[in-house]
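Visitor: Okay, structure incoming, though there's no sequence with it:
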């Protein structure tokens, strides 16, 4: 069935380090792909999205490219900040367009 | 502009009790959603609504009921709470269907003893 696999956390980095969070998906057809972020004590916020193959979503220094051939949507940032500490969720929309299918989330902790 | 708000923020219930969670949005969005978030799992869709007066089942609807009598409000009801319903509940809304952005509320932490 439809599912998202994210790398297990927690991911612990020092400020200014390079970040990669891997995400692969199993889906019918060609879904739209999303990264949502959840800061401590808050609801989820959309970080970026891509709606077709080879599209690159970007926001706040984060980037992810829709790779159809590898069914992946890895999240990257060149230089993380303490304020990036949060839980990151990879997701895609189901074929009917009625629901988001989420991964389990990856906790990122950045120290100064 | 408050966005999406949820009431209450925390609640403790005993098994068999009932309660209603309220979600309100002031963005005039058509679509609204209820998710639950459990430790080590992503969010799972309980029910959703594509407009005032409509509701539909999501991935995990059993034990829950919903109503959308007004466009801005989406209520989630538990008729007879069970410990398995201990979770954090998130409401979301979006102007259009996916892949439009969903806007999430801050969540309600529910514990069922």
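Guide: Nice, thanks for sending it over. Note that the coordinates shown come from a computational prediction; the quantities given were computed from them, not determined experimentally.

Visitor: And chain A, is stretch B:99-106 touching that?
Guide: Yes - using Cβ under 8 Å from any Cβ of the partner chain, stretch B:99-106 reaches chain A at B:99, B:101-102, B:104-106. (Glycine included, C-beta is placed from N, CA and C.)

Visitor: List the buried residues in that stretch.
Guide: B:99-105 (16 or more other Cβ atoms under 10 Å in any protein chain shown).

Visitor: center of chain B - which residue?
Guide: residue B:34 (2.9 Å; Cα atoms, centre = their mean).

Visitor: And for the nearest residue to residue A:53 once chain neighbours are set aside, the neighbour number?
Guide: Spatial nearest neighbour of residue A:53, excluding adjacent residues (Cβ to Cβ, 6 or more residues apart in numbering or on different chains): residue A:68 at 3.9 Å. Other residues near residue A:68 number 10, with proximity taken as other Cβ atoms under 10 Å in any protein chain shown.

Visitor: again, but for residue A:75
Guide: Residue A:75, neighbours per other Cβ under 10 Å, totals 24.

Visitor: phi, psi of the closest residue to chain B within chain A?
Guide: Nearest to chain B in chain A, going by Cβ to the nearest Cβ, is residue A:102, at a distance of 3.0 Å. Torsion angles at residue A:102 (phi, psi; degrees, to the nearest 10) stand at phi -100, psi 150.

Visitor: which residues touch it?
Guide: A:4, A:36, A:89-91, B:42-44 (Cβ atoms under 8 Å, 6 or more residues apart in numbering or on different chains).

Visitor: can you pull the pLDDT of the closest residue to residue B:83 other than its chain neighbours?
Guide: Once flanking residues are discounted, residue B:83 sits nearest to residue B:112: 5.0 Å by Cβ to Cβ, 6+ apart. At residue B:112, the pLDDT value in this model is 97.
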